[in-house]
Each structure stands twice: as structure tokens, then as C-alpha cells.
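Peer 1: predicted model, plus sequence, below.
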Amino acid sequence: MQPTRLRALLKRPEVARAAGGHDGLTARVIEECGYDVVWASSFEISASRGLPDMSLLTMTDYLEAARQMAAATELPILADCDTGFGNRLNVAYMIRQYEAAGIAGVCIEDKIYPKRNSFLEGGQVLEDAAEFAGKVAVAVRSRANPDFVVVARTEALIAGLGMAEALSRCHAYADAGADAILIHSKSPQPDEVVDFLRAWQRPVPVVVVPTTYFGWDIRAAGEAGVAMVIYANQGLRSSVQAMRQVLADIRTTGSSVRVEGEIASMKEIFRLTRVDTWTAVGA
Ligand code: SPV
Ligand code: MG
């Protein structure tokens with residue numbers, strides 16, 4: 001059901017909106033804010049454990065986080081699965097595991113393992129395109145439900161390899177059966193993503209992550225032909241900022257008086273964590 005929903009979201013004329021989460025609570029907030037999809041972000045899942053997004057966690061760690069998100073929300077979960085955690089065999093295993101956990105789809109990227117977050121300088125090394133297309137084909141073949149979504153992400157622009165390389169890679173991934181393409185860019189302007197979209201003639205939907213070119217809004221993305229926008233990390237970044245301000249204020253003033261009106265009440269957290277449902281179970 002969730003895979004079918006995610007697939008339909010990628011096909012409709014309106015742009016789908018995904019937001020990055022890392023646990024049950026963040027998934028619920030994303031749902032309440034009206035997003036269509038939860039992006040189980042490798043960056044957020046790592047950062048929430050105090051770790052950088054550098055392939056330090058295992059597939060099991062990422063899967064457990066995605067499972068928590070799926071349990072907490074009705075929204076489809078698109079799981080960021082980095083490089084697929086190994087070779088084609090690992091990809092086949094990963095697909096089985098994520099599908100069985102009720103995840104709607106996965107995204108794999110064409111970097112070599114261990115990968116580093118796209119916004120870290122250096123170490124952005126791409127896997128051979130044919131090898132990665134092989135991984136995409138295995139991912140597609142390994143799903144039990146044909147609606148389970150496989151997104152193929154190219155890091156060609158991140159690695160500075162240029163538009164021709166990005167396009168030829170995405171053509172190969174589409175030929176291998178990818179349900180959608182994610183074109184990643186760290187440019188402060190949307191120009192290279194716009195150029196890519198202009199040149200993209202396949203019927204395969206395109207997903208973007210406007211972290212650095214944040215001025216490009218959803219309307220502009222829709223006009224350029226984007227199927228889904230992922231706000232991958234703004235949730236986590238905002239929570240760090242808010243927590244820091246509030247805790248610093250309490251530390252400075254010696255009480256929480258000044259911030260009580262600005263922070264979520266205990267009642268609100270009870271509601272978000274469905275305390276009524278659990279109370280109704282009885283003791
Ligand atoms: C993530 O959210 O983990 C992503 C997007 O993969 S990025 O951080 O931009 O690489
Ligand atoms: Mg990631």
C-alpha cells in the first residue's frame with residue numbers, strides 16, 4: 001500500500017513534498033505539517049546519534065530508524081540507503097529487508113562505499129556507471145511488490161563531473177529500471193539542476209534536494225518539471241537551533257520562565273506520542 005502511494009505521488013502533476021526525518025517523533029511532525037513523504041535521511045539518522053554521515057552506521061541501524069518512522073506515520077517512507085551498503089548482493093538483501101519492514105521505497109546513490117555526505121569537501125568518488133546500473137537492476141529485480149519504489153541518485157554534479165556525465169549516468173539508471181532519478185547538486189543556484197531537467201527527456205520522474213539552492217521554491221521546481229522535492233535536513237537543523245537557544249536561555253536566566261511560552265507543552269508531546277491510545281489499552 002505505501003509503495004503504491006509513493007509511486008502515485010511521483011506520477012501526479014503536482015510536485016510531491018518530502019521532508020527528512022530520523023525517528024518516530026520527527027516522522028509524525030512531518031506528517032502533521034502536511035508533507036507527502038518522509039525521507040529517512042542518512043544525514044539526520046547519523047547526526048541524531050552524534051555521528052557524521054560517513055557510512056559509519058550499518059544497514060541494520062538505518063533500517064531500524066526507517067522502521068520507527070514507518071510505525072509512527074501513515075506517510076510513505078522513502079529510505080536513503082546510501083550506496084546500497086555494499087555490492088549487488090548487499091543491495092538484493094537490503095531491498096528484501098526494507099520491503100519487509102513496510103518501507104515504500106529506497107534511494108541508492110552512485111558513490112563508492114564508504115560514502116561521505118555530499119556537502120563534505122573531498123572524497124566524492126563515483127562508482128563505475130555500469131556497475132551502479134547493475135545495482136539498480138538488481139534492486140528492481142529483488143522487490144516482491146512491483147510498486148516498491150527504487151530511486152537512483154547520481155552524484156556526478158556533486159563530484160564535479162559535469163552535465164554530460166550526469167545525464168549519461170541517469171540514462172543508464174533509467175534503462176536499468178529506476179522508478180525515479182535523483183539529481184543532486186551543491187550549487188547555490190538551481191542552474192545546473194534546471195539544465196539537467198531541460199535535457200531530461202525520459203518519462204522517469206526527477207527528484208531534487210534544494211539544500212544549497214534553497215531560493216528555488218516549489219512552484220519554480222514544478223515549472224521546471226520536478227516530481228518531488230526533498231527538504232532533507234531543515235527539520236534537524238531547526239531542532240538543534242531551537243534546543244540550543246532554549247537551553248542556553250534557561251542556563252543563563254536560571255529558570256525556564258522566559259521560554260515556556262515558546263516550547264511545546266508536555267500536553268503537546270503527550271498528544272504527539274498518542275498517549276490516549278496507550279491509556280485506552282488499560283493497565
Ligand atoms: C541525506 O539527507 O542524507 C541526503 C541528502 O542524502 S544530502 O545530505 O544532501 O546528501
Ligand atoms: Mg544521505
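Peer 2: Yep, that arrived. Ligands and ions are numbered 1, 2, ... in the order given.

Peer 1: all strands for the stretch 1-150 of the chain, in order.
Peer 2: Per DSSP state E, counting those that start in this stretch, the stretch 1-150 of the chain carries strands over the ranges 16-21, 37-40, 77-80, 105-109, 149-154.

Peer 1: CA atoms only for the fourth one, dumped as CSV, please.
Peer 2: This file holds the C-alpha atoms of strand 105-109, laid out as CSV (Å, rounded to 0.1, in the frame of the first residue of the first chain):
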residue,chain,number,x,y,z
GLY,A,105,10.9,2.8,-1.5
VAL,A,106,14.6,3.3,-1.3
CYS,A,107,17.1,5.6,-2.9
ILE,A,108,20.6,4.5,-3.7
GLU,A,109,23.5,6.7,-4.9
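
Peer 1: and it, what does it pack onto?
Peer 2: Applying 3 or more Cβ pairs under 8 Å, 6 or more residues apart in numbering; DSSP states H and E, one finds that strand 105-109 makes contact with helix 2-11, strand 77-80, helix 88-100, helix 129-142, strand 149-154. Glycine gets a C-beta too; all of them are placed from N, C-alpha and C.

Peer 1: need the ones you listed in CSV with mean pLDDT and mean neighbour count, can you?
Peer 2: Formatted as CSV, the entries for the helices and strands packed on strand 105-109 read as follows, by pLDDT from 0 to 100; neighbours: other Cβ atoms under 10 Å:
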stretch, mean pLDDT, mean neighbour count
helix 2-11, 98, 19
strand 77-80, 99, 29
helix 88-100, 98, 18
helix 129-142, 98, 20
strand 149-154, 99, 28
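
Peer 1: give me the phi and psi for the one residue in the stretch 151-283 of the chain that gets nearest to ligand 1.
Peer 2: Each residue of the stretch 151-283 of the chain has a distance to ligand 1, by Cβ to the nearest ligand atom, and the smallest belongs to residue 232, at 3.6 Å. In this entry, residue 232 is assigned phi and psi values of phi -80, psi -30 (degrees, to the nearest 10).

Peer 1: out of the helices and strands packed on strand 105-109, which is closest to ligand 1?
Peer 2: For the helices and strands packed on strand 105-109, proximity to ligand 1 was assessed by Cβ to the nearest ligand atom; strand 77-80 is nearest, at 4.8 Å.
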